[in-house]
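Enquirer: Task: produce atomic coordinates for the following.
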Amino acid sequence: MPIQPQCATACNDKTFISVLVLERLGDVIPIGVPLEALKPDVHEIYSDMSRFGIEHMDIRWRNILAAPAAQQSTVCPDHGHMHRWRVVDFDLSRKSNHSHSHIESASGS
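Expert: Numbering: from 1, shown residues only. Now for the predicted structure:
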């Protein structure tokens, strides 16, 4: 029996794949850090998820953690720079058929 009732249908589908990625992360956003400074990086991360049709469903400060310093040398292939933050806690997330790319192509952008 699935842990999450909303994934019951997907878990019975033979094409459903689950992936668990573990990474040692830093702390949550420190108190006093201006959120305006974080917006561009966090927006790009959520944009990446949207492009793949992933809806996080639980956006809040506790779910945005600092990327480990040792791994900040990894450059995002889509944005050409390192992301300093990671989004975590995907237990409420879901896969949508409406990805960012799908919406852009439908609107003619």
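
Enquirer: What is the burial count for residue 58?
Expert: 14 (other C-beta atoms under 10 Å). In this view, the C-beta of every residue, glycine as well, is placed from N, C-alpha and C.

Enquirer: helix or strand for the spatially closest residue to it that is not a sequence neighbour, which one?
Expert: Using C-beta to C-beta, 6 or more residues apart in numbering and skipping the chain neighbours, the partner closest in space to residue 58 is residue 92 (4.7 Å). Assigned by DSSP states H and E, residue 92 belongs to neither a helix nor a strand.

Enquirer: any idea how far residue 92 is from residue 43?
Expert: Separation of residue 92 from residue 43 (C-beta to C-beta, to the nearest Å): 20 Å.

Enquirer: ok, now residue 84?
Expert: Taking C-beta to C-beta, one finds residue 84 at 13 Å from residue 43.

Enquirer: Likewise for residue 27?
Expert: 21 Å.

Enquirer: okay, those two: which has more neighbours?
Expert: Neighbours per residue (other C-beta under 10 Å) separate residue 27 from residue 43, with residue 43 holding more: 10 against 7.

Enquirer: helix/strand/coil for the more buried one?
Expert: Per DSSP: H, G, I helix; E, B strand; the rest coil, the local secondary structure of residue 43 is helix.

Enquirer: what does the model give it for pLDDT?
Expert: pLDDT for residue 43: 91.

Enquirer: which stretches of this protein have low pLDDT?
Expert: Low-confidence segments of the chain (pLDDT under 70): 1-17, 70-73, 98-109.

Enquirer: the helices in it, which residues?
Expert: Using DSSP state H, the helices of the chain run over 8-12, 35-51, 100-107.

Enquirer: If you count neighbours, what's buried in the second one?
Expert: It stands for helix 35-51. For helix 35-51, the neighbour count (16 or more other C-beta atoms under 10 Å) marks 41-42, 44-46, 48-50 as buried.
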